[in-house]
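Next one to model:
(one chain, ligands or ions: 1)
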Amino acid sequence: MKFFLDTANIAEIEEAASWGVLSGVTTNPTLYAREGGKLADFHNHLKRICDIVDGPVSGETVGLTRDEIIREGEELAALAPNLIVKVPTMPEGLAATKALFDKGIKVNMTLCFTVPQAILAARSGAAYVSPFVGRFDDISEDGIDQLSQVVMALDNYDFGHDVEVIAASIRSANHVTQAALMGADIATVPFAVLKNLVKHPLTDRGLEAFLADWEKVKNS
Ligand code: G3P
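Here you go, the predicted model:
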């Protein structure tokens, strides 16, 4: 499984990249606004992220019609060779994805919740399909089960182009564990979740014991 960061925060991206575990980034104008960014500067910010990340960076479109999404997708794709256009799952999004695919521009279809949505996304030409996990849990449904259905269903078909599943709306280490066990290609995670993945109480306890032993050996 590859790890993407779901963020617009440059410091978080730089830190995860320094660990050698960062394969990509997913972001959107809302995440950027949370960092105090202004929509007018979103494209410049995406370009900065693309320069740092050695891998795909998904930037979300905000248009609602096919033509708006295509226009915005072309603008985004021109920012950097590793820019992936993130498009919402809806009829206009499918139509725009088909047009962008025909122009050689890669799309990550987001806000995907069901197997039919995922198959339609892949069929329209999406290079990445992003089923959301946590938002199912939010409505007391099983997000992991939905994700596993999408992974299994997409695996049944050859779409004539590469399609990778990005497990999105990931909230916990358990989400990541389950996504990895079912073979999801990528998990896009907030930085707080990524930091938690490194930690375990037994690791902390083992480190404390090691340091205590080391003090004794050192002073003997
Ligand atoms: O890429 C956006 C997606 O990961 C959203 O996550 O936690 O807002 O449902 P969340």
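
From Gly36, how far out is the closest residue to the ligand within the chain?
Proximity of the chain to the ligand (C-beta to the nearest ligand atom) peaks at Ser169, 3.4 Å away. In short, each C-beta sits where N, CA and C put it, glycine included. Going from Ser169 to Gly36 by C-beta to C-beta, to the nearest Å gives 23 Å.

Have a look at those two and say which one is more surrounded.
Each of Ser169 and Gly36 has its neighbours counted (other C-beta atoms under 10 Å); Ser169 has more, 23 against 7.

Hmm, that one is touching Arg135, no?
Yes: using C-beta atoms under 8 Å, Ser169 is in contact with Arg135, at 5.0 Å.

quick one: common contacting residues for those two?
Taking C-beta atoms under 8 Å, 6 or more residues apart in numbering as the criterion, Ser169 and Arg135 both touch Gly143.

how much space between the residue nearest the centre of the chain and His45?
Residue closest to the mean C-alpha point of the chain, counted by C-alpha atoms, centre = their mean, is Thr188 at 3.3 Å. Here Thr188 is placed at a distance of 18 Å from His45 (C-beta to C-beta).

Over to Gly104?
24 Å.

So between those two, which is more surrounded?
His45 (18 against 7).

In contact with that one, which residues?
By C-beta under 8 Å, 6+ apart, the contact list for His45 reads Ala8, Tyr32, Gly37.

quick one: the second one and Asn9 touch, right?
Put plainly, it is Tyr32. No: using C-beta under 8 Å, Tyr32 is not in contact with Asn9, being 9.2 Å away.

Pick out whichever of these two has more residues nearby.
Tyr32 (22 against 19).

Apart from its neighbours in sequence, what residue is nearest that one?
Distance criterion C-beta to C-beta, 6 or more residues apart in numbering; nearest residue to Tyr32, sequence neighbours excluded, is Ala8 at 4.0 Å.

Am I right that that neighbour sits in a helix?
No: counting by DSSP: H, G, I helix; E, B strand; the rest coil, Ala8 is not found in a helix; it is coil.

Please report the distance of Leu147 from Val25.
Going from Leu147 to Val25 by C-beta to C-beta gives 20 Å.

nope, Asp142 is what I was after
For Asp142, the distance to Val25 equals 27 Å [C-beta to C-beta].

more neighbours, the two?
Val25 (29 against 12).

Mind listing the residues bridging to that one?
Val25 has these beta-bridge partners by DSSP bridges: Leu5, Val57.

residues touching it, list them.
Val25 touches Phe4, Leu5, Asp6, Thr7, Ile13, Ile49, Val53, Gly55, Pro56, Val57, Ser58, counting by C-beta under 8 Å, 6+ apart.

Locate the closest residue to Ser172 other than its chain neighbours within the secondary structure: which element?
Of all residues not flanking Ser172 in the chain, Val193 sits nearest, at 6.7 Å (C-beta to C-beta, 6+ apart). Taking DSSP states H and E as the criterion, the element that holds Val193 is helix 191-198.
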